[in-house]
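Q: For reference, the sequence and a predicted model appear below.
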Amino acid sequence: MSSSREDEAGYDRPWSRPGRGRYALTRLSGMLRPNISVYRPEPGRVRVEHDRPVVTRDGTVLRVNVYRPPGDTPVPVILFAHPYGKDDLPRFSASGRPRLSFRYRIMRQPGPMVFSSLTTWEGPDPVWWAGQGYAVVNCDLRGAGTSDGVGSLLSAQEGEDVHDLIEWAGAQPWSSGAVGMLGVSYLALTQWRAASTRPPSLRAIAPWEGFTNAYRGLARPGGVAENGFLRLWDLGLKKVRQTYSFRQESARRPVIDSWYRSLDPDLSAIEVPALVCGSFSDNNLHSRGSFAGFEGIASAERHLYTHRGGKWAVFYDQEARAAQLLFFERHLKGREVPSLPRVRLEVRDRADHVVEVREEETWPLERTRWTPAYLTAGGLAAEPPTAAGSLTFDVRRGGARFGWTVTEDTELTGPMALRLYVAPQDTEDLDLVVGVEKWSGGRFVPFEGSYGYGRDRVATGWQNLALRALDPDLTRPFAPVPACLEREPVPPGEVVPVDIALGASSTLFRAGEQLRLVVAGRWLSPRNPLTGQFPASYKTRTRGRCTVHWGPDRPARLLLPVIPPKA
């Protein structure tokens, strides 16, 4: 690891990054005219049945829309269930232009998207799948759309309901008896929960980006409260009859309790084949849970599909659909087709350039060289510091930066872990937000991020100082997991160690480019919809100062997943 004046430790203003004006113009254009094409299905191409009733084990009636290919031959079923309304479909204006959900306008996509007018938010396109010889069942969850009852988001009850929906679909005369599940985000969450109940008719799942721990994945990563996306989500679910508001419950539950634990699926109970999409571009919401799901399930046949593109643009693109189809042909139709690779790894060096797509056998990669980069006054270094040092910043306005200019092309693939030694000043608690950035030629290199944000960092991590105690059963050296069970405030001026997990990524740093570590006490990006990561927002503390320490007895370091070339 080399050192230069550019690499030296120093003060930083985390959201002062070049190129925002041009980005704002592209965002405004995308809001006015999303790059989405919606087509009407040709007459006779798909048979549609609306509001078919399904009676659950407790007598509640749920309703589904069924889409089938022409003819009476029984076919496999692809099912998805969600609270967003199965009948909330694209509409067309008098001039023939599609009227899309507001979500597509406020959450940008970097590439074009094409789907039919029967496609609901984050769901598979029924017309395309019917054309491949599958029936598609789109389900309103309890309390949503035209279904009866009152729902409870992410609950065990919801898992039982989806279990019953699966068994209903498997028993229909137009069904071959083999049911799979496919969908993005919440449509992935219902897959984890339903698969853990082991419905006999469920043969395969494809959870496309979905967290597996509600506290760490959504509500309070590292104990830091999310209060931006949850507000928007609450607004989008205002018509759903629910026993609770997830946002309100999160606001009054700062630590993990029995309610949070009740929302998480038992991953070890999932044994059906699984195609898991683990995105490097959804660090705020689904990425960590997707990788944890791939690692935690008991399925003998499981595949990880990684990417760093836009969430919905990738889901509907030809390559991803081809992988989904191959997976279901094998497991729902029983065809002798090639198995997908264990891990499909996509490596990028910037947002719009894929360096390589290759097959791997493990996640994290077995040949990873976990390499510490130590904090020093000269930036990040290969050896621990020989002299003590520190840097103090105001948590509301400032931050600290540490750089490392790579001397040869270096691939970093996997999660990162940061060990800091910090002392709060004028306060007993801090919310630390850390990021790893890429700089080239003195300019910030952006990557695709959560909610369609196109100027994200390589990786980001959060940690509340008072909730720094680790879970010894879940923590690994490269992936610290805070227990978040009990607050332990720190007296002002006292130095304590704190471990911060950064999300997984796969990034090539070319010789001469700089890796920059940023440490701050607030969210690292603007929050407005034109230049920021809207709707992401985190309730960080805005008063006090933080001192970051390093030295022989305080070996602060960033653990990097360096990948040597394959033999």
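A: Received it, and whenever you're ready, just let me know what you need. Numbers count the residues shown, from 1 in each chain.

Q: And the residue nearest the centre of this structure?
A: In the chain, the C-alpha nearest the mean C-alpha coordinate belongs to H286, at 2.1 Å (C-alpha atoms, centre = their mean).

Q: Now that residue. Nearest residue, chain neighbours left out?
A: Distance criterion C-beta to C-beta, 6 or more residues apart in numbering; nearest residue to H286, sequence neighbours excluded, is E209 at 4.2 Å. C-beta here means a position set from N, CA and C on the backbone, and glycine is covered the same way.

Q: Contacts only, for that neighbour.
A: V184, S185, A188, C277, G278, S279, D282, L285, H286, S287, S290, K311 (C-beta atoms under 8 Å, 6 or more residues apart in numbering).

Q: swap the cut-off to 10 Å and go again
A: Taking C-beta atoms under 10 Å, 6 or more residues apart in numbering as the criterion, E209 is in contact with 122, 183-185, 187-189, 276-279, 281-282, 285-287, 289-290, 305, 307, 311-312, 314-315.

Q: Export the helix or strand hosting R344 to CSV, keeping only CA atoms.
A: Assigned by DSSP states H and E, R344 belongs to strand 343-350. The C-alpha coordinates for strand 343-350 follow below in CSV (Å, rounded to 0.1, in the frame of the first residue of the first chain):
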residue,chain,number,x,y,z
VAL,A,343,-22.3,-18.1,-7.8
ARG,A,344,-22.7,-15.8,-10.7
LEU,A,345,-20.3,-13.0,-9.9
GLU,A,346,-20.4,-9.6,-11.6
VAL,A,347,-17.3,-7.4,-11.1
ARG,A,348,-17.4,-3.6,-12.0
ASP,A,349,-14.9,-0.8,-12.0
ARG,A,350,-17.6,1.9,-12.2
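
Q: other SSEs contacting that strand?
A: Applying 3 or more C-beta pairs under 10 Å, 6 or more residues apart in numbering; DSSP states H and E, one finds that strand 343-350 makes contact with strand 274-279, strand 302-307, helix 318-331, strand 353-360, strand 410-425, strand 431-440, strand 496-509.

Q: Could you check how far R557 is from F327?
A: To F327, R557 is 40 Å away according to C-beta to C-beta, to the nearest Å.

Q: Find the least confident helix or strand in the protein, judged by mean pLDDT.
A: None of the helices or strands of the chain scores lower by mean pLDDT, DSSP states H and E than strand 98-99, at a mean of 84.

Q: how close does E209 get to L189?
A: 10 Å.

Q: next one: R47
A: Counting by C-beta to C-beta, the gap from R47 to L189 is 29 Å.

Q: if you count what's nearby, which of those two comes out ahead?
A: Remark: of R47 and L189, L189 carries more neighbours, 28 against 15, as counted by other C-beta atoms under 10 Å.

Q: CA atoms only for the helix or strand hosting the more buried one, dumped as PDB, please.
A: If you go by DSSP H and E, L189 is part of helix 186-195. Below are the C-alpha coordinates for helix 186-195, written out as PDB (Å, rounded to 0.1, in the frame of the first residue of the first chain):
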ATOM      1  CA  TYR A 186     -41.600  -7.800  -0.600                       C
ATOM      2  CA  LEU A 187     -42.300 -10.500  -3.100                       C
ATOM      3  CA  ALA A 188     -39.000 -12.100  -2.100                       C
ATOM      4  CA  LEU A 189     -39.800 -11.700   1.700                       C
ATOM      5  CA  THR A 190     -42.900 -13.800   1.400                       C
ATOM      6  CA  GLN A 191     -40.800 -16.500  -0.300                       C
ATOM      7  CA  TRP A 192     -38.400 -16.800   2.600                       C
ATOM      8  CA  ARG A 193     -41.300 -17.000   5.100                       C
ATOM      9  CA  ALA A 194     -43.500 -19.400   3.100                       C
ATOM     10  CA  ALA A 195     -40.600 -21.700   2.100                       C
END
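
Q: C-terminal to that helix, which secondary structure element comes first?
A: strand 202-208.

Q: Give the partner strands of that following strand in its sheet and their orientations.
A: Sheet pairing here is set by DSSP bridges, and for strand 202-208 it gives strand 175-184 (parallel), strand 274-279 (parallel).

Q: Return the list of helices and strands in contact with whatever helix or strand comes next after it.
A: Counting by DSSP H and E, the element after strand 202-208 in chain order, helix or strand, is helix 214. Helices and strands touching helix 214, by 3+ C-beta pairs under 10 Å, 6+ apart, are helix 246-251, helix 258-262.

Q: now the angle between helix 186-195 and whichever helix or strand comes after helix 214, please.
A: Under the assignment DSSP H and E, the closest C-terminal helix or strand after helix 214 is helix 229-236. Between the axes of helix 229-236 and helix 186-195, defined by axes from the mean of the first three to the mean of the last three C-alpha atoms, to 10 degrees, the angle is 90 degrees.

Q: now what about helix 229-236, what contacts it?
A: Here helix 229-236 makes contact (C-beta under 10 Å, 6+ apart) with 83-85, 101-103, 106-107, 121, 153, 186, 218-219, 226, 240, 242, 245-251, 284-285, 450-451, 533-538.

Q: Could you rerun that using 8 Å?
A: 84, 103, 218-219, 245-247, 250, 284-285, 451, 535-537.

Q: before we move on, the earlier item: so what angle separates the directions of the strand holding R344 and strand 410-425?
A: Strand 343-350 and strand 410-425 are oriented at 70 degrees to each other (the same axes, to 10 degrees).

Q: In JSON lines: the strands paired with strand 202-208, plus distance to I205.
A: Listed next are the strands paired with strand 202-208 as JSON lines, based on distance: least, C-beta to C-beta, whole Å:
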{"stretch": "strand 175-184", "distance to I205": "5"}
{"stretch": "strand 274-279", "distance to I205": "5"}
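
Q: Return the most buried member of those strands.
A: strand 274-279 (a mean of 28; mean count of other C-beta atoms under 10 Å).

Q: circling back: got a list of contacts for the helix holding L189?
A: Identification of contacts with helix 186-195 by C-beta under 8 Å, 6+ apart yields 80-84, 122-123, 141, 154, 156, 158-159, 162-163, 166, 181, 183, 202, 205-212, 265, 267, 269-270, 272, 274, 277, 286, 290, 293.

Q: from the chain's centre, how far out does that helix sit?
A: How far helix 186-195 lies from its chain's middle: 14 Å, per C-alpha atoms, centre = their mean, to the nearest Å.

Q: Show me the shaky parts of this structure.
A: Residue ranges of the chain with pLDDT under 70: 1-5.

Q: coming back round to it: which one of the helices and strands packed on strand 343-350 lies nearest to R91?
A: Closest of the helices and strands packed on strand 343-350 to R91 is helix 318-331, at 24.4 Å (criterion: C-beta to C-beta).

Q: Next, the buried residues of the closest one.
A: By neighbour count on 16 or more other C-beta atoms under 10 Å, the buried set for helix 318-331 is A320, R321, A323, Q324, L325, L326, F327, F328, E329, R330, H331.

Q: go on, stretch 434-446?
A: Buried residues in stretch 434-446, counting neighbours by 16+ other C-beta under 10 Å, are found at V434, G435, V436, E437, K438, W439, F444, V445, P446.

Q: just stretch 503-517 next, same as before
A: G503, A504, S505, S506, T507, L508, F509, E513, Q514, L515, R516, L517.

Q: ok, the second one to R308 distance?
A: So the one you mean is A504. With C-beta to C-beta as the criterion, A504 and R308 are 10 Å apart.

Q: and for the two, which residues touch both?
A: The contact sets of A504 and R308 overlap at F280 (C-beta under 8 Å, 6+ apart).

Q: picking that back up, show me how to select, in ChimeraX, the buried members of the contacts of helix 229-236.
A: A single ChimeraX command selects the buried members of the contacts of helix 229-236 (16+ other C-beta under 10 Å):
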select :84,103,218,219,246,247,250,284,285,451,535,536,537
